[in-house]
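Colleague: Would you be able to build a 3D model of this:
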Amino acid sequence: MHDGAVPHEDDKVRYAIISDVHANRQAWNAVITDIRIAGADRIICLGDIVGYGPAPAEVLEQVYTRVHHILLGNHDAVICGKLDPGTFNDAARRIIRWTASRLDAKAARFFRKLPLVIHGSDFRCVHAELANPLRFGYVFGSGEAASVLGACREPVVFVGHTHVPGVFVAAPGGGVTAGPGVDFTLAPELRYVVNVGSVGQPRDGDPRAGYCLLDDVARTVVFRRVPFDVDAYRRELDAAGLPAAGGSFIQVSQALAGRPVRETLDFHPPVREDAPAAGHGVQNLESAVRRWRLAALILALLCLTAVGLAPFVLRRIRAAGDETVFAPVHAIAPAVAPGPRADLPLPEPTRGVVGRENPPGRWTVRLARPEIQRVAVEEGDGFPVFRVTCRAPAAFALVSQPVSASAGMRFTARAQVRWQEPFQGYLELCLLQGEGASARVLVRTEPDPAKAGRWVLASATMDRRQGGLRTGGPVRLAVRGTLAGDVLVRKCSLMRRE
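Modeller: The predicted structure is shown next:
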């Protein structure tokens, strides 16, 4: 394993924290290029280098060569015999057998030596849960995040495993609040659990690879999304005779309409409470010894070769833009619980073209192809109006701030929509709960030529027969869809029915 001491605190240190590469060669190549351009000093991998994808040997070699600190994931653990294959479903076990046939005994020995936990001066990293890391329990909700924070003293813990980026925030004396994967500055009075998402198997409806940047001096966490050649990945899967298990990102047209992540899981933690193996359960980054001089030399040669390509790559990366424009992390805090039949007009967005320099207030804007999409907030008849423009069919979502809710509640969602001809596509009003992985579609609307240029009310109430919310916790309104053309959206609101 390649590890090293944390640099002296007077030095500027930026960590790139990746997870769940899953033998996806195309996604790995795109992310490592983005990491180099972002200027990260060190790379931490939270595990699951292999599994699902068709290039386990190639990706393992690349990660071994270029990553400074590597943790053990559940897919890696089953390859080296530390985890029972019976904890995976049939499809996943088939891929595990295929993966093991492409790796030699040296790879298994490498995985066997990996730590389950590493820590720096004030942060900790683990693949899944922290209290019993070899169990690989998922961190989906606030309760699981609270358990993670209760198992350590560090203010920040980075996790992976669910393939869904997100942030859990704990305030002194308060509960833990779940929010989406948005950039934020670490506040000294708060504690955080940060899910960095997945490089090779994103499951949050965005087909791009994801990872995080931690600036240990500026005290910021930045979520990065990087496009990669999904078609080439699918061709390699087909050539290897592998199913696209867990690969909902391949269906780009369904990028924002995937099944809840819990329904796509193929691993369940073992019932037996296994303790981490002695000797490599927890490893201190500051005391680890890095052994990768040869890799550094190779990387230096590659960098010299790439100098001539750097301006072109920079232009391509800048043209790709960022997928999510968001509010500060304090906007994740739930609002005051509404009373019966309370109308909940959502906060007004900031006017102007939405971008990193002009975030949309307490709204989140998600764009699947930002190079051909644009969102602006205009003034219309005294109301702020979202104008979404797409030059070609692409997915988007406008997501409100969270509103607190309890189990059994039903909501009515409303928005006024105006289609601008020519137009292709559809819109949905959805309720998002938790970290946004689960969406409940309330109404779908499509353009009506007879009503083009006119405001149309899209409104729906949760069906009483289907029941209200299954669990309590913050909910958000999402106006989402796939379109080519222009659409205007205004007067978004939620109402508690009972």
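
Colleague: which residues does residue 229 contact?
Modeller: Contact analysis of residue 229 by C-beta atoms under 8 Å, 6 or more residues apart in numbering lists 26, 30. C-beta here means a position set from N, CA and C on the backbone, and glycine is covered the same way.

Colleague: Repeat the analysis, applying 6 Å as the threshold.
Modeller: The contact partners of residue 229, by C-beta atoms under 6 Å, 6 or more residues apart in numbering, come to residue 26.

Colleague: what residue ranges in this protein score low on pLDDT?
Modeller: 1-12, 246-247, 251-266, 268, 271-281, 283-349, 422, 434-439, 465-466, 498 (pLDDT under 70).

Colleague: Give the other helices and strands that the stretch of helix or strand residue 76 belongs to contacts.
Modeller: Taking DSSP states H and E as the criterion, residue 76 maps to helix 74-79. If you count contacts as 3 or more C-beta pairs under 6 Å, 6 or more residues apart in numbering; DSSP states H and E, helix 74-79 packs onto helix 105-112.

Colleague: Quick one: the helices in this protein, in order.
Modeller: Ranges of helices within the chain are 25-38, 56-66, 74-79, 90-101, 105-112, 142-150, 230-240, 293-306, 310-320, based on DSSP state H.

Colleague: Now do the buried residues in the third one.
Modeller: Within helix 74-79, the residues that count as buried by 16 or more other C-beta atoms under 10 Å are 74, 75, 76, 77, 78, 79.

Colleague: can you check the first one too?
Modeller: Neighbour-count burial for helix 25-38 flags 25, 26, 27, 28, 29, 30, 31, 32, 33, 34, 35, 36 (criterion: 16+ other C-beta under 10 Å).

Colleague: For the residue nearest the centre of the chain, which non-adjacent residue is spatially closest?
Modeller: Nearest to the mean C-alpha position of the chain, by C-alpha atoms, centre = their mean, lies residue 165 at 2.4 Å. Nearest residue to residue 165, sequence neighbours excluded (C-beta to C-beta, 6 or more residues apart in numbering): residue 181, at 3.0 Å.

Colleague: Also residue 462?
Modeller: Distances taken as C-beta to C-beta, 6+ apart put residue 410 closest to residue 462, at 4.2 Å, once the chain neighbours are dropped.

Colleague: and the one you found, how many residues sit next to it?
Modeller: Counted with other C-beta atoms under 10 Å, residues neighbouring residue 410 total 18.

Colleague: With residue 218 instead?
Modeller: When neighbours are counted by other C-beta under 10 Å, residue 218 registers 12.

Colleague: separation between it and residue 184?
Modeller: Here residue 218 is placed at a distance of 12 Å from residue 184 (C-beta to C-beta, to the nearest Å).

Colleague: go on, residue 167?
Modeller: Distance of residue 167 to residue 184, given as C-beta to C-beta: 7 Å.

Colleague: Same question for residue 155.
Modeller: Distance, residue 155 to residue 184, using C-beta to C-beta: 13 Å.

Colleague: quick one, which of these two is more surrounded?
Modeller: With neighbours defined as other C-beta under 10 Å, residue 155 and residue 184 compare such that residue 184 has more, 24 against 17.

Colleague: Tell me what that one is bridged to.
Modeller: residue 221 (DSSP bridges).

Colleague: what about the nearest residue to residue 202 once chain neighbours are set aside, how many neighbours?
Modeller: Leaving aside its sequence neighbours, residue 202 sits nearest to residue 249 (C-beta to C-beta, 6+ apart; 5.0 Å). A total of 27 residues lie near residue 249 under the criterion other C-beta under 10 Å.

Colleague: what's the answer for residue 363, then?
Modeller: Residue 363 is flanked by 28 other residues according to other C-beta under 10 Å.

Colleague: And for residue 128?
Modeller: 28.

Colleague: Tell me if I'm right that it and residue 134 touch.
Modeller: No. Contact criterion C-beta atoms under 6 Å: residue 128 and residue 134 do not qualify, at 9.3 Å.

Colleague: on that earlier part again, reformat the buried residues of helix 74-79 into CSV and put distance to residue 171 next to each item.
Modeller: Below are these laid out as CSV (distance: C-beta to C-beta, whole Å):
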residue, distance to residue 171
74, 31
75, 35
76, 35
77, 34
78, 38
79, 40
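
Colleague: Now for those residues: which two are most distant?
Modeller: Spatially, the most separated pair among those is 74 and 79, at 10.0 Å (C-beta to C-beta).

Colleague: before we move on, back to that, any chance of the helices of the chain in CSV, with distance to residue 202 too?
Modeller: Shown next, in CSV, are these (distance: least, C-beta to C-beta, whole Å):
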stretch, distance to residue 202
helix 25-38, 8
helix 56-66, 16
helix 74-79, 16
helix 90-101, 17
helix 105-112, 23
helix 142-150, 20
helix 230-240, 10
helix 293-306, 26
helix 310-320, 15
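
Colleague: winner for burial among those?
Modeller: By mean neighbour count, with neighbours taken as mean count of other C-beta atoms under 10 Å, helix 74-79 ranks first of those at a mean of 25.

Colleague: And the contacts of that one?
Modeller: Outside of helix 74-79, the residues within contact range by C-beta under 6 Å, 6+ apart are 47-51, 83, 85, 96, 100, 108, 111, 136, 267.

Colleague: And those, which two are furthest apart?
Modeller: 108 and 267 (19.0 Å).

Colleague: Distance check, the residue nearest to residue 165 against residue 212.
Modeller: Counting by C-beta to C-beta, the gap from residue 181 to residue 212 is 8 Å.

Colleague: Now do the shared contacts for those two.
Modeller: Shared contacts of residue 181 and residue 212 (C-beta under 6 Å, 6+ apart): residue 223.

Colleague: Just the strands from the stretch 151-300 of the chain, written as ranges.
Modeller: 156-159, 166-170, 176-180, 184-185, 191-195, 209-215, 220-226, 282-284 (DSSP state E, counting those that start in this stretch).

Colleague: among those, which is nearest residue 115?
Modeller: Of all the strands of the stretch 151-300 of the chain, strand 282-284 sits nearest to residue 115, with 3.8 Å by C-beta to C-beta.

Colleague: who's in contact with residue 391?
Modeller: residue 372.

Colleague: From residue 374, how far off is it?
Modeller: Counting by C-beta to C-beta, the gap from residue 391 to residue 374 is 9 Å.

Colleague: Looking at the helices of the chain, spot the one closest to residue 382.
Modeller: Per C-beta to C-beta, nearest to residue 382 of the helices of the chain: helix 310-320, 36.2 Å.

Colleague: per-domain residue ranges of the chain.
Modeller: As given by automatic domain parsing, the domain ranges for the chain are 14-305, 321-496.

Colleague: quick check, distance from the shortest one to the centre of its chain.
Modeller: The chain centre lies 19 Å from the centre of domain 321-496; the measure is C-alpha atoms, centre = their mean, to the nearest Å.

Colleague: Residue 456: how many residues sit nearby?
Modeller: For residue 456, the count of nearby residues is 14 (other C-beta under 10 Å).

Colleague: Now residue 72. Nearest residue, chain neighbours left out?
Modeller: Computed as C-beta to C-beta, 6+ apart, the closest residue to residue 72 that is not its neighbour in sequence is residue 114, at 4.0 Å.

Colleague: sorry, back to before: deepest of the domains of the chain, which one?
Modeller: Comparing the domains of the chain by mean neighbour count (mean count of other C-beta under 10 Å), domain 14-305 ranks first with a mean of 19.

Colleague: Give me the contacts around stretch 53-70.
Modeller: 1-4, 21-25, 28, 42-45, 49-50, 99, 102-103, 114, 118, 200, 236-237, 240, 242, 295.
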